[in-house]
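Visitor: Compute the structure for the input listed below.
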Amino acid sequence: MLTLNYYRYGLKRRECWFCGDEKYKSKLTRYFQANRRSRVSILKNDKETWIIQLGDWDFLSIHKKTRYDIRKIQDEYINRQINKWSELSNLQRLEIIDSYNNFAQDKGINLINKERLDVGNNNVLYSCIQLGSSFSYHIYIHDDERIRLLYSWTTFDRMTSVTLAGLNKLHTSLDIKYAKDSNFLIFDFGGYKSTRMNGIDKFKSRFGGQSIVEYNYFQLI
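Guide: Numbers count the residues shown, from 1 in each chain. Coordinates of the predicted model:
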């Protein structure tokens, strides 16, 4: 379980992530991916997500076509970086945020929540791999047991079909292995919908694992 307190747009926010203790109840708190849902709450939302139980995972858990795409580029020179958010300089943080926000504006999706990342600090991981002039970026939030993908984006310059097919797949496989080697129990891809199965959902499902349903809600009292 992870709790965060911060201000955003002048409003105080309190968040609880991955809460598994039904006795833990705090008013005016936003819950994300809790395993139980309070009856006295609003903004209720069943949250389907895709997770990997890391104790059972290895490279062969990945779908064979995805493994093939990874192997085509895994012997290339890859520059890899993984850091706690707290280890990055303010300039590095701003450059990462600008990179994601440019991507988000092109895709018409929400911009990054800088305040959440800054207060999470030691519970936020930034991961990046570079192949030539192409980059894949991931940002995670975690407690002691679970690491959860918050943001994922790529930038390509003079990309090839091989790089396009394999870069994020290689990056994801490396991060899953890192999570297992770091003694996390669960790798969480975030949002997933079995009835939708678009390209993103299919991508997640091909790394092994299963879908589960958890609960997002806002506790009033």
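
Visitor: quick one: Asn110 is in a helix?
Guide: No: judged by DSSP: H, G, I helix; E, B strand; the rest coil, Asn110 forms no part of a helix; its state is coil.

Visitor: so which helix or strand takes in the closest residue in space to it that isn't next to it in sequence?
Guide: Of all residues not flanking Asn110 in the chain, Ala104 sits nearest, at 6.5 Å (CB to CB, 6 or more residues apart in numbering). Yep, even glycine has a C-beta here, placed from its N, CA and C like the rest. Secondary structure assignment for Ala104, by DSSP states H and E: helix 90-107.

Visitor: buried ones in that helix?
Guide: Arg93, Ile96, Ile97, Ser99, Tyr100, Phe103 (16 or more other CB atoms under 10 Å).

Visitor: Tell me which helix or strand comes right after whichever strand or helix holds Arg71.
Guide: In this assignment (DSSP H and E), Arg71 forms part of helix 64-73. Remark: after helix 64-73, the chain's next helix or strand is strand 79-84, criterion DSSP H and E.

Visitor: That next one packs against which elements?
Guide: strand 124-131, helix 161-181 (3 or more CB pairs under 8 Å, 6 or more residues apart in numbering; DSSP states H and E).

Visitor: how about 10 Å then?
Guide: In terms of contacts (3 or more CB pairs under 10 Å, 6 or more residues apart in numbering; DSSP states H and E), strand 79-84 is packed against strand 124-131, strand 134-142, helix 161-181.

Visitor: Need the winner for burial among these.
Guide: strand 134-142 (a mean of 22; mean count of other CB atoms under 10 Å).

Visitor: strand partners of it, parallel vs antiparallel please.
Guide: strand 124-131 (antiparallel), strand 146-155 (antiparallel) (DSSP bridges).

Visitor: so Arg30 sits right up against Asn216, yeah?
Guide: Yes: in this structure Arg30 lies within contact range of Asn216 using CB atoms under 10 Å: 7.7 Å.

Visitor: Quick check: chain neighbours aside, which residue is closest to the residue nearest the centre of the chain?
Guide: With distances taken as CA atoms, centre = their mean, Leu149 lies nearest the centre of the chain, 0.6 Å away. Excluding its sequence neighbours, the residue lying closest to Leu149 (CB to CB, 6+ apart) is Gly190, at 5.0 Å.

Visitor: sec struct for the one you found, please.
Guide: strand.

Visitor: residues contacting it?
Guide: 33, 47, 49-51, 140-141, 148-152, 200, 204 (CB atoms under 10 Å, 6 or more residues apart in numbering).

Visitor: Relative to Thr49, how far out is it?
Guide: Distance from Gly190 to Thr49, counting by CB to CB, to the nearest Å: 6 Å.

Visitor: what do the two both touch?
Guide: Gln33, Arg148, Leu149, Lys204.

Visitor: Need those residues in CSV (columns: distance to Asn121 and pLDDT).
Guide: Output for the shared contacts of Gly190 and Thr49, formatted as CSV (distance: CB to CB, whole Å; pLDDT from 0 to 100):
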residue, distance to Asn121, pLDDT
Gln33, 20, 94
Arg148, 16, 98
Leu149, 18, 98
Lys204, 27, 95
